[in-house]
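Peer 1: A predicted structure for the sequence below; I have some questions about it.
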Amino acid sequence: MTHPALALIEFDSIASGILAGDAMVKTAPVARIVAGTVHPGKYLVLVTGDVAPVQEALAAGLASDSNAVVDHVFLPGVHPQVPDAIAAARQPQIDEALGIVETSSVAAAIHAADAGLKAAQVTLLELRLADGLGGKGLAFFAGVVTDVEAAVDSSCVAIDSSGHLLNAVIIPQLHSEMAANLVEATRFRTLIS
């Protein structure tokens, strides 16, 4: 899913989300649309493609039913690791430090991940979105301490005004057993079974 632009709208109404997604693809020739439900009863519409059509589609989606919009993000020059992470790709390696940004929305987590990756030489270990998190988002950055600090700081600045930043932490020397757990999986049930 490599395209120059990405937009996502997060709805608290499934019906409104479907209506908006339809309006988005009718408005502009986006390269790809992915839409569907996530926990807890939200609906996500993600479009990718060239910058102008993605921006037009986003505007149409936001205008469709603005009362149902929880959050949205538009990334005209999305970092290549972000679409891969949205598609559930993981980078199972933790170097020196780990940074975690926790958000109350999927859109804010995507925005935070993009901002952090653009600010520093870090790897996006994982981007967790909504399901199994009560609708929250998590971005995990790995790298050397100074880069992880820069990534987390930039992530927080990028989403601070949205009101969706819940927490951000930096762990300079993650214990090897904790690192092994995180590299294996971040979901408890996956590690137990």
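Peer 2: Received, thanks. Numbering: from 1, shown residues only.
Peer 1: C-alpha coordinates for the helix or strand of the chain with the lowest mean pLDDT, CSV please?
Peer 2: When each helix and strand of the chain is scored by mean pLDDT, DSSP states H and E, helix 188-192 comes last, with a mean of 78. Extracted in CSV, the C-alpha atoms of helix 188-192 (Å, rounded to 0.1, in the frame of the first residue of the first chain):
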residue,chain,number,x,y,z
PHE,A,188,-1.4,-10.7,26.0
ARG,A,189,-3.5,-13.6,24.6
THR,A,190,-1.0,-14.2,21.8
LEU,A,191,1.7,-14.7,24.3
ILE,A,192,-0.3,-16.9,26.7
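Peer 1: Contacts for it, please.
Peer 2: Here helix 188-192 makes contact (CB atoms under 8 Å, 6 or more residues apart in numbering) with 181, 184-185. Yep, even glycine has a C-beta here, placed from its N, CA and C like the rest.
Peer 1: For this protein, which segments count as strands?
Peer 2: 5-11, 32-38, 42-49, 69-75, 97-103, 123-129, 137-143, 165-171 (DSSP state E).
Peer 1: helices or strands next to the fifth one in the packing?
Peer 2: Of the remaining helices and strands, those touching strand 97-103 by 3 or more CB pairs under 8 Å, 6 or more residues apart in numbering; DSSP states H and E are helix 106-119, strand 137-143, helix 145-159, strand 165-171.
Peer 1: so how far is the first one off the chain centroid?
Peer 2: The reference is to helix 106-119. Remark: helix 106-119 is offset 6 Å from the chain centroid, using CA atoms, centre = their mean, to the nearest Å.
Peer 1: angle of that helix against strand 69-75?
Peer 2: Helix 106-119 and strand 69-75 meet at an angle of 20 degrees, taking axes from the mean of the first three to the mean of the last three CA atoms, to 10 degrees as the criterion.
Peer 1: Report the backbone C-alpha coordinates of helix 106-119 in PDB.
Peer 2: Extracted C-alpha coordinates of helix 106-119, given in PDB (Å, rounded to 0.1, in the frame of the first residue of the first chain):
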ATOM      1  CA  VAL A 106      -6.800   5.500  15.600                       C
ATOM      2  CA  ALA A 107      -6.200   8.700  13.500                       C
ATOM      3  CA  ALA A 108      -4.100  10.200  16.200                       C
ATOM      4  CA  ALA A 109      -1.900   7.100  16.500                       C
ATOM      5  CA  ILE A 110      -1.300   7.100  12.700                       C
ATOM      6  CA  HIS A 111      -0.500  10.800  12.800                       C
ATOM      7  CA  ALA A 112       1.900  10.200  15.800                       C
ATOM      8  CA  ALA A 113       3.600   7.300  14.000                       C
ATOM      9  CA  ASP A 114       4.200   9.400  10.900                       C
ATOM     10  CA  ALA A 115       5.500  12.400  12.800                       C
ATOM     11  CA  GLY A 116       7.900  10.300  14.900                       C
ATOM     12  CA  LEU A 117       9.300   8.400  11.900                       C
ATOM     13  CA  LYS A 118       9.900  11.700  10.000                       C
ATOM     14  CA  ALA A 119      11.600  13.300  13.000                       C
END
